[in-house]
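>>> structural data only, the sequence is not supplied:
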Ligand SMILES: Nc1ncnc2c1ncn2[C@@H]1O[C@H](COP(=O)(O)OP(=O)(O)OP(=O)(O)O)[C@@H](O)[C@H]1O
Ligand SMILES: O=P(O)(O)OC[C@H]1O[C@](O)(CO)[C@@H](O)[C@@H]1O
Ligand SMILES: [Mg+2]
């Protein structure tokens with residue numbers, strides 16, 4: 001009988017998940033495997049929402065945001081009972097290996113499946129870029145591009161009113177979206193969880209620049225560092241700045257994936273299938289120094305996230321000299 005691979009997407013959706021699904025389905029097809037699509041992540045696995053997914057089902061999805069398999073956050077899968085239910089479904093559908101596209105939480109689930117004897121491979125799909133073993137996660141590049149686009153729209157209206165735009169972006173506990181978008185979009189200040197910040201210093205800099213005639217002020221704050229609304233309130237109350245908070249929210253997770261995300265997702269999907277072809281599980285695929293890599297899940301998850309201080313230092317040089 002043909003070997004069967006299961007695939008699911010889990011956690012927050014990201015642009016590029018579909019490119020990953022497409023790649024897995026096509027690579028599996030080429031290797032003579034059939035693929036079962038599991039709808040709504042681990043919740044769907046527990047409920048047995050499993051259906052054959054064929055090459056024709058993935059035609060044209062490379063450019064689509066979201067995930068055709070839907071996604072979920074599933075508390076039940078964190079329990080042994082939920083995990084046993086999932087295992088029974090995997091056995092019932094004769095699935096010999098699983099690909100999980102998701103973030104750090106989803107990888108904990110992939111680890112559980114592997115330890116239950118189901119070879120499982122993780123592909124990093126999260127806009128947060130908060131997985132230490134890989135330089136980039138799928139969806140991060142698109143999210144950063146989206147934020148950069150919104151920044152310039154917000155800057156137009158803030159400039160016209162001589163306001164300060166305090167833009168809150170996602171990222172969970174990681175400041176990468178704010179850091180990368182801050183540099184690419186020319187933010188005057190960024191507030192990220194990895195670095196202590198001094199709100200009075202930021203206010204003084206903005207006021208100093210205004211005195212010199214530079215009225216443009218965009219402050220990006222990562223959600224892990226605090227609320228944009230609190231920063232804007234403080235600026236209004238203490239520094240008499242006309243500050244407006246803007247929470248970008250879910251627009252950061254939607255939209256057509258960037259070429260970089262599509263390319264990475266495609267290569268990672270191929271590698272995932274190659275591993276399962278060899279019966280290898282308990283690994284996660286990633287990208288390091290522009291090369292596709294795979295690593296043991298336990299090792300990858302035990303790595304501490306390294307903050308890109310080099311990028312932050314570059315940002316500081318620009319921020320401090322902006323006038
Ligand atoms: N310790 C765990 N054991 C088993 N399953 C887990 C564990 N942690 C998380 N999961 C599963 O993974 C799902 C997704 O996790 P989480 O909500 O942390 O998102 P994520 O994969 O990190 O993605 P993102 O951060 O981009 O939203 C959880 O809802 C749960 O079903
Ligand atoms: O979709 P939800 O459950 O509101 O989760 C939002 C969270 O998901 C992410 O978009 C991805 O992890 C985070 O940046 C954000 O904190
Ligand atoms: Mg996460």
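Ah, there it is. In this text, all values refer to a predicted model and were calculated from it rather than measured experimentally. Numbering: from 1, shown residues only. Ligands and ions are numbered 1, 2, ... in the order given.
>>> please enumerate the strands of the stretch 51-200 of the chain.
Secondary structure of the stretch 51-200 of the chain (DSSP state E, counting those that start in this stretch): strands located at 97-102, 120-124, 164-169, 189-191.
>>> any idea which of these is most buried?
For these, the largest average neighbour count (mean count of other C-beta atoms under 10 Å) is found in strand 120-124, namely a mean of 32. Where C-beta positions appear, they are placed from N, C-alpha and C, glycine not excepted.
>>> okay, domains of this protein per the record?
Domain ranges of the chain: 4-139+257-302, 141-254, per automatic domain parsing.
>>> picking that back up, columns distance to ligand 3 on top of the strands of the stretch 51-200 of the chain, output as CSV?
Output for those, formatted as CSV (distance: least, C-beta to the ion, whole Å):
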stretch, distance to ligand 3
strand 97-102, 8
strand 120-124, 10
strand 164-169, 15
strand 189-191, 20
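>>> near ligand 2, which residues of the stretch 1-150 of the chain?
Taking C-beta under 6 Å from any ligand atom as the criterion, the stretch 1-150 of the chain approaches ligand 2 at residues 12, 73, 103, 126-128.
>>> which residues touch the residue of the stretch 201-323 of the chain at minimum distance from ligand 1?
Nearest residue of the stretch 201-323 of the chain to ligand 1 (C-beta to the nearest ligand atom) works out as residue 253 at 8.5 Å. With contact taken as C-beta atoms under 8 Å, 6 or more residues apart in numbering, residue 253 is in contact with 12-15, 65, 127, 139, 143, 170.
>>> CSV for those, including neighbour count?
CSV is the format used below for the contacts of residue 253 (neighbours: other C-beta atoms under 10 Å):
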residue, neighbour count
12, 22
13, 26
14, 34
15, 31
65, 20
127, 31
139, 31
143, 33
170, 23
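>>> rewinding a little: how about the strands of the stretch 51-200 of the chain in JSON lines, adding mean pLDDT?
Below are the strands of the stretch 51-200 of the chain laid out as JSON lines (pLDDT from 0 to 100):
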{"stretch": "strand 97-102", "mean pLDDT": "98"}
{"stretch": "strand 120-124", "mean pLDDT": "98"}
{"stretch": "strand 164-169", "mean pLDDT": "98"}
{"stretch": "strand 189-191", "mean pLDDT": "98"}
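>>> any idea which helix is longest in this protein?
helix 140-161 (DSSP state H).
>>> ranges for the strands of the stretch 201-323 of the chain?
Counting by DSSP E, counting those that start in this stretch, the stretch 201-323 of the chain has strands at residues 217-222, 243-247, 283-288, 291-296.
>>> please identify the most buried of the ones you listed.
Of the strands of the stretch 201-323 of the chain, the one with the most neighbours on average (mean count of other C-beta under 10 Å) is strand 217-222, at a mean of 27.
>>> and that one with strand 243-247, angle?
Strand 217-222 runs at 40 degrees relative to strand 243-247, counting by axes from the mean of the first three to the mean of the last three C-alpha atoms, to 10 degrees.
>>> in its sheet, what does strand 217-222 sit against?
Strand 217-222 has its sheet partners listed here by DSSP bridges as strand 164-169 (parallel), strand 189-191 (parallel).
>>> what comes into contact with that strand?
For strand 217-222, the surrounding residues in contact (C-beta under 8 Å, 6+ apart) are 147, 151, 154-155, 158, 163-171, 174-175, 177-179, 181-182, 185-193, 202, 206, 209-210, 227-228, 231, 241.
>>> contact partners for the residue of the stretch 1-150 of the chain found nearest ligand 3?
Ligand 3 sits closest to residue 103 of the stretch 1-150 of the chain, with a gap of 3.4 Å, by C-beta to the ion. Going by C-beta under 8 Å, 6+ apart, residue 103 touches 10-12, 124-126, 128, 130-131, 137.
>>> go on, residue 186?
By C-beta under 8 Å, 6+ apart, the contact set of residue 186 is 151, 218, 318.
>>> in a markdown table, list those along with pLDDT and distance to ligand 1.
Shown next, in a markdown table, are the contacts of residue 186 (pLDDT from 0 to 100; distance: C-beta to the nearest ligand atom, whole Å):
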| residue | pLDDT | distance to ligand 1 |
| --- | --- | --- |
| 151 | 98 | 22 |
| 218 | 98 | 25 |
| 318 | 92 | 29 |
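>>> ok, the closest residue to residue 279 other than its chain neighbours to residue 280 distance?
The shortest distance from residue 279 to any non-neighbouring residue, by C-beta to C-beta, 6 or more residues apart in numbering, is to residue 119 (6.2 Å). Residue 119 is 6 Å from residue 280, where distance means C-beta to C-beta, to the nearest Å.
>>> more crowded one of these two?
A count of neighbours by other C-beta atoms under 10 Å puts residue 119 above the other of residue 119 and residue 280, at 20 against 14.
>>> was I right about the more buried one contacting residue 98?
Yes: counting by C-beta atoms under 8 Å, residue 119 does reach residue 98; the two are 7.5 Å apart.
>>> surely residue 191 meets residue 197?
Yes: with contact defined as C-beta under 8 Å, residue 191 reaches residue 197; the gap is 4.8 Å.
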